[in-house]
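S.K.: here's my sequence, what's the structure:
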Amino acid sequence: MKRSIPYSVVFLFAFLLNRIAVSARQISPLESIRPLSVLFALLGVLVFIIHKFVREWHRTNYLTALILGAFFLYQTLYQWIKQVSIERSNTAGLLLIPFVIGICMLLAGRKWWNLVHEPAQITYYLSLVAVIFLTMQVVQFGFKFQGIWMSGSTSHTSAIAPLVEEVNLHPATRPDIYVIVLDGYGRQDVLQDIYHYDNSEFIGQLEKRGFYVAADSHSNYVQTAYSIASLMNFDYVQPWQPSTDYAEYIVGPIQHNRVFELLRKVGYTTVSFEGGTSYTGIQSSDIVDSGFLPLNTFETFLLTNSPFEPLTNIFHLGISIPNYDTHRDRILNHLGTLENVPDSIQGPKITYFHILAPHPPFVFDQDGNPIEPNRPYSILDGNEYAGSVEEYWQGYRQQVIFVNGRILEAIDAILAKSQTPPVILVMGDHGPGSMFRWDPQDPGCTWERTHNFYALLLPAPRNPVTLYPSMTPVNTFRLIFNAYFDTDLPLLDDRTFLVTWQHPAPIIDATSFRDSKNSCVPDDK
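M.R.: Modelled structure (predicted):
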């Protein structure tokens, strides 16, 4: 047989091309370079070793492709298992490993191969299949990136409308700015009435350090992506047009937000920390910290649904596949790194942290000891939360206590290490969701979900500003820019809207009923 490129190489390239295209909206294609190089190198070694044993290229080709096929088969079956029974998926995934290996060994046996009278025909057929598969992925890849390019080069609907008037910052003073978003952190009355936790000590400690804590704060939205887009663009979200790519519509204004762009123009360094999703981290920042992860996001994406997932979930192997260990590591890394930002990054800076706590999953007790939920990893909230309402209340309460202590430590470190007093925002992007439903027409307890925590430290402002109890996040940077950069931005009405990733239209104004407790009764689960 004339030696040629094994069709297993073509299959692998087509598969990776598919993964790059599927993840392109949320993961930079540049992150695929390292795994691409490593996987092709490993495949080359695998081909070499197999040929040394079998001494025949047709069978070498076949066995190599069979090993790849077993991996792809496992991913398909394991993904199906998680959809059917997520509670038992780790155990089933572990048992699936020997099952797939057994099938692979059966098909790899000499007895099976001896039934093939024309090995060249097998090579020809599988090569043809590989080329067709690759062609399909190239076409998909082309259409995907054409769509991304077009969305960035032609007019399309963004979640944030263009500013009516130009905003110019005058940097007479340039305080460091820290944006600390605690996902799902609720207001004091929500914690007291639903979770039976008195948060007044934490609030008192913040006030002692100079923070203004808004007693009647509300979130502008009930879901993170909308809250962050609004916060970082100091404006409300406009309706989505179905003709526009939805991910680009809501994620684009986060990744390329007005706040970062305006502050860059006056010499600020923009800093963000890896947040696990495209809307919790800002990858366009000058500095993006993800040092705690041994794998990049694309590599993690490749290993999801692979045999490594149940193995690392059960035996805690430390592989950064989305699981409870990685979730804990991410939160601890954010809290720890926050303390070191003042003396690790020189010059004026805005640092954005999105910390996925006290939001589910509940992985810390009140002392910071690890908790391992008895179900596969999930960050789902509201009526999609897999546990009971009582479990939610208990886990949330403990995680609030843990987060409170660590946030105070981080704030004290920032204040002690900062050469000039910094601006610090600590807020919940929305409230908790133990009795919330992902249906804007029937949302359940909006009182719980829309009552977020909000605290702002504005030391020695150049211009007078008025902080008030009913503040909402949309006005945060209007106040900051007015206070320190001599702008005259008008404050917007503090409103709340119901719109979710699952139901992007219509946008429902919930301001008139956000304080109602009529539906704040637990559903039976």
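
S.K.: every contact and neighbour count from this point should use C-alpha atoms.
M.R.: Fine.

S.K.: from the contact counts, what lies against the helix ranked longest in the chain?
M.R.: For the chain, the helix reaching the highest residue count under DSSP state H is reported as helix 119-153. Applying 3 or more CA pairs under 8 Å, 6 or more residues apart in numbering; DSSP states H and E, we find helix 119-153 packed against helix 7-23, helix 57-84.

S.K.: going by mean pLDDT, which of those helices comes out lowest?
M.R.: Mean pLDDT is lowest for helix 7-23 out of the helices and strands packed on helix 119-153, coming in at a mean of 89.

S.K.: and for that one, what are the contacting residues?
M.R.: 29, 32, 36, 40, 43, 61, 64-65, 68, 123, 126-127, 130-131, 133-134, 137-138, 140-141, 144-145, 298, 302 (CA atoms under 8 Å, 6 or more residues apart in numbering).

S.K.: so the following helix or strand past that helix versus helix 7-23, what angle?
M.R.: Where DSSP states H and E defines the elements, the next helix or strand beyond helix 7-23 is helix 33-54. Helix 33-54 and helix 7-23 are oriented at 160 degrees to each other (axes from the mean of the first three to the mean of the last three CA atoms, to 10 degrees).

S.K.: list the buried ones in helix 33-54?
M.R.: P35, L43, L46, V47, I50, H51 (16 or more other CA atoms under 10 Å).

S.K.: and of those residues, the nearest to K417?
M.R.: P35 (38.9 Å; CA to CA).

S.K.: following the longest helix of the chain, which helix or strand shows up next?
M.R.: Counting by DSSP H and E, what follows helix 119-153 is strand 177-182.

S.K.: can I get the helix or strand just after that following strand in PDB, CA atoms only?
M.R.: Next in sequence after strand 177-182, counting helices and strands by DSSP H and E, comes helix 188-193. This file holds the C-alpha atoms of helix 188-193, laid out as PDB (Å, rounded to 0.1, in the frame of the first residue of the first chain):
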ATOM      1  CA  GLN A 188     -31.100  42.400  53.600                       C
ATOM      2  CA  ASP A 189     -34.900  42.000  53.800                       C
ATOM      3  CA  VAL A 190     -34.800  39.000  51.400                       C
ATOM      4  CA  LEU A 191     -32.100  37.300  53.500                       C
ATOM      5  CA  GLN A 192     -34.000  38.000  56.700                       C
ATOM      6  CA  ASP A 193     -37.500  37.000  55.600                       C
END
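
S.K.: hmm, back to that, gap between the longest helix of the chain and the chain center?
M.R.: 29 Å (CA atoms, centre = their mean, to the nearest Å).

S.K.: ok and that helix relative to helix 7-23, angle-wise?
M.R.: Using the same axes, to 10 degrees: helix 119-153 against helix 7-23 is 20 degrees.

S.K.: now helix 119-153: buried residues?
M.R.: Here helix 119-153 shows 119, 122-123, 126-127, 130, 133-134, 137-138, 140-141, 144, 151 as buried, counting by 16+ other CA under 10 Å.

S.K.: would you put the C-alpha positions of stretch 428-438 in CSV?
M.R.: Taking C-alpha atoms only, stretch 428-438 is exported to CSV below (Å, rounded to 0.1, in the frame of the first residue of the first chain):
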residue,chain,number,x,y,z
GLY,A,428,-25.6,41.3,43.4
ASP,A,429,-26.4,41.1,39.7
HIS,A,430,-29.9,39.9,40.9
GLY,A,431,-31.3,38.3,44.0
PRO,A,432,-31.5,34.6,44.8
GLY,A,433,-34.0,32.3,43.0
SER,A,434,-35.3,29.6,45.4
MET,A,435,-38.9,30.4,44.3
PHE,A,436,-38.3,32.0,40.9
ARG,A,437,-39.4,30.5,37.6
TRP,A,438,-37.8,31.0,34.2
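
S.K.: quick one: average confidence on it?
M.R.: So the average pLDDT for stretch 428-438 ends up being 97.

S.K.: hey, where'd the strands end up in this structure?
M.R.: For the chain, the strands defined by DSSP state E occupy 177-182, 212-213, 269-273, 287-289, 349-355, 423-428, 454-457, 497-498, 508-509.

S.K.: flag the shaky bits of this structure, pLDDT-wise.
M.R.: By pLDDT under 70, the low-scoring segments of the chain are 1-5, 25-26, 144-156, 243, 524-525.

S.K.: quickly note the distance from the residue lying farthest from the centre of it to L106.
M.R.: Checked against the mean C-alpha position of the chain, the extreme residue using CA atoms, centre = their mean is H117, at a distance of 52.0 Å. Going from H117 to L106 by CA to CA, to the nearest Å gives 18 Å.

S.K.: same check, this time on Y385
M.R.: 41 Å.

S.K.: when those two are compared, which one has more neighbours?
M.R.: Y385 (19 against 12; other CA atoms under 10 Å).

S.K.: what's the more buried one sitting at in phi/psi?
M.R.: phi -70, psi 130 (degrees, to the nearest 10).

S.K.: ok, now which ones touch it?
M.R.: With CA under 8 Å, 6+ apart, Y385 has these contacts: P360, I379.

S.K.: before we move on, what about G405?
M.R.: No contacts exist for G405 under CA under 8 Å, 6+ apart.

S.K.: N313 and N90 touch, don't they?
M.R.: Yes: using CA atoms under 8 Å, N313 is in contact with N90, at 7.1 Å.

S.K.: those two: who's more crowded?
M.R.: A direct count of neighbours by other CA under 10 Å for N313 and N90 places N90 higher, at 24 against 21.

S.K.: return the distance of that one relative to G318.
M.R.: Taken as CA to CA, the span from N90 to G318 is 16 Å.

S.K.: check Y78 too.
M.R.: 20 Å.

S.K.: helices of the stretch 201-350 of the chain, residue ranges please.
M.R.: 224-231, 246-255, 258-265, 297-303, 308-315, 324-338, 341-344 (DSSP state H, counting those that start in this stretch).

S.K.: of those, which stretch is the most buried?
M.R.: Ranked by average neighbour count under the criterion mean count of other CA atoms under 10 Å, those are headed by helix 224-231 at a mean of 24.
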